[in-house]
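In: Generate a structure from the sequence data that follows.
(one chain, ligands or ions: 2)
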Amino acid sequence: MIVGLTGGIGSGKTTVANEFKALGIPVYIADDEAKKLMNRSKIIRRKLVKLFGEDAYINDTLNRPFLANIIFNDTSYLEQMNAIVHPKVARHFEKWVNKQNAPYVIKEVAILFENGGHKYCDYVITVVAPETIRLDRLLKRDDTTLEKIKAIMNNQWTDEEKVKLSDFVIENIELKDTKDQVRKIHNTLLKKGK
Ligand SMILES: CC(C)(COP(=O)(O)OP(=O)(O)OC[C@H]1O[C@@H](n2cnc3c(N)ncnc32)[C@H](O)[C@@H]1O)[C@@H](O)C(=O)NCCC(=O)NCCS
Ligand SMILES: Nc1ncnc2c1ncn2[C@@H]1O[C@H](COP(=O)(O)OP(=O)(O)OP(=O)(O)O)[C@@H](O)[C@H]1O
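Out: Ligands and ions are numbered 1, 2, ... in the order given. Prediction:
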């Protein structure tokens, strides 16, 4: 059983994913794997350099600030980059999932509904939190600005749109409540898997 875990930037996806991990559930963080593949795959690298120029990499490392500045301010570049990276991540996930032995796996993906990825999940969990809290967390966590965060938010669906298509919603405000919600969903999923 594949359970997609999504939510807007700073909602707490990774925090929630770690709670599932603590319950013994295998977790795949698509964003991390995407970045690893972008650094490692010669084919991806060649395509990204063709699209963005040599500045896409510094030595052998993905030039993240350079790419973020382009793609989050120009949807056409974002779509072209997604078209290069996402199919590779999908294939990498397939291989990973076939090696797991668990009642279900969690696939954490920032962009799920936006590109139809939810169709390949048995269930979807969306993590939500008020925008003010998300902004506050991100400004504390990252060396970023309000402007940069808003540019990313503009490329993601709203919580309302995601919630409508989700099987479960986790409201991540107080960590203790979040843990309780994770445990309840975990128990429900274990029953569904039988
Ligand atoms: C553009 C990149 C290099 C910028 O890196 P940077 O370290 O500055 O930002 P970070 O990775 O922390 O991303 C910030 C936030 O942007 C959002 N985000 C990431 N990729 C995307 C995307 N393709 N579309 C919309 N939002 C995205 C996420 O909420 C993420 O948490 C990086 O985001 C990236 O490699 N993205 C492509 C991988 C991808 O598509 N991931 C999404 C799920 S597979
Ligand atoms: N309930 C909470 N209480 C306090 N801090 C939290 C809570 N949930 C998450 N955080 C903090 O907020 C920040 C963002 O959380 P997290 O990284 O899990 O979000 P994310 O949705 O995975 O982010 P991104 O979209 O950037 O990948 C982190 O620094 C995390 O420690």
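
In: make it CA atoms for all contacts and neighbour counts henceforth
Out: Fine.

In: Now do the strands in the chain.
Out: 2-7, 27-29, 57-58, 61-62, 105-108, 123-128, 168-171 (DSSP state E).

In: can I get these in a markdown table with mean pLDDT, distance to N187 and mean neighbour count?
Out: Formatted as a markdown table, the strands of the chain follow (pLDDT from 0 to 100; distance: least, C-alpha to C-alpha, whole Å; neighbours: other C-alpha atoms under 10 Å):
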| stretch | mean pLDDT | distance to N187 | mean neighbour count |
| --- | --- | --- | --- |
| strand 2-7 | 98 | 13 | 25 |
| strand 27-29 | 98 | 17 | 19 |
| strand 57-58 | 96 | 44 | 14 |
| strand 61-62 | 94 | 40 | 16 |
| strand 105-108 | 98 | 14 | 23 |
| strand 123-128 | 98 | 14 | 24 |
| strand 168-171 | 98 | 13 | 20 |
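
In: which one of those strands lies closest to S41?
Out: S41 sits nearest to strand 61-62 of all the strands of the chain, at 11.2 Å, using C-alpha to C-alpha.

In: Sheet-wise, list the partners of the closest one with their directions.
Out: Its sheet considered, strand 61-62 pairs with strand 57-58 (antiparallel) by DSSP bridges.

In: Spell out which residues make up each domain of the protein.
Out: 1-26+103-189, 31-99 (the TED database).

In: quick one: the helices in this structure?
Out: 13-22, 30-40, 42-52, 64-71, 75-98, 131-141, 146-153, 159-164, 175-192 (DSSP state H).

In: ok so, going back, pick the most buried one from the domains of the chain.
Out: domain 1-26+103-189 (a mean of 17; mean count of other C-alpha atoms under 10 Å).

In: so which of the strands of the chain gets nearest ligand 2?
Out: If you check each of the strands of the chain against ligand 2 by C-alpha to the nearest ligand atom, strand 2-7 wins as the nearest, at 6.1 Å.

In: partners of that closest one, with directions?
Out: Short version: by DSSP bridges, strand 2-7 pairs with strand 105-108 (parallel), strand 123-128 (parallel).

In: Distance to ligand 1 added to those, as JSON lines?
Out: Formatted as JSON lines, the strands paired with strand 2-7 follow (distance: least, C-alpha to the nearest ligand atom, whole Å):
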{"stretch": "strand 105-108", "distance to ligand 1": "8"}
{"stretch": "strand 123-128", "distance to ligand 1": "12"}
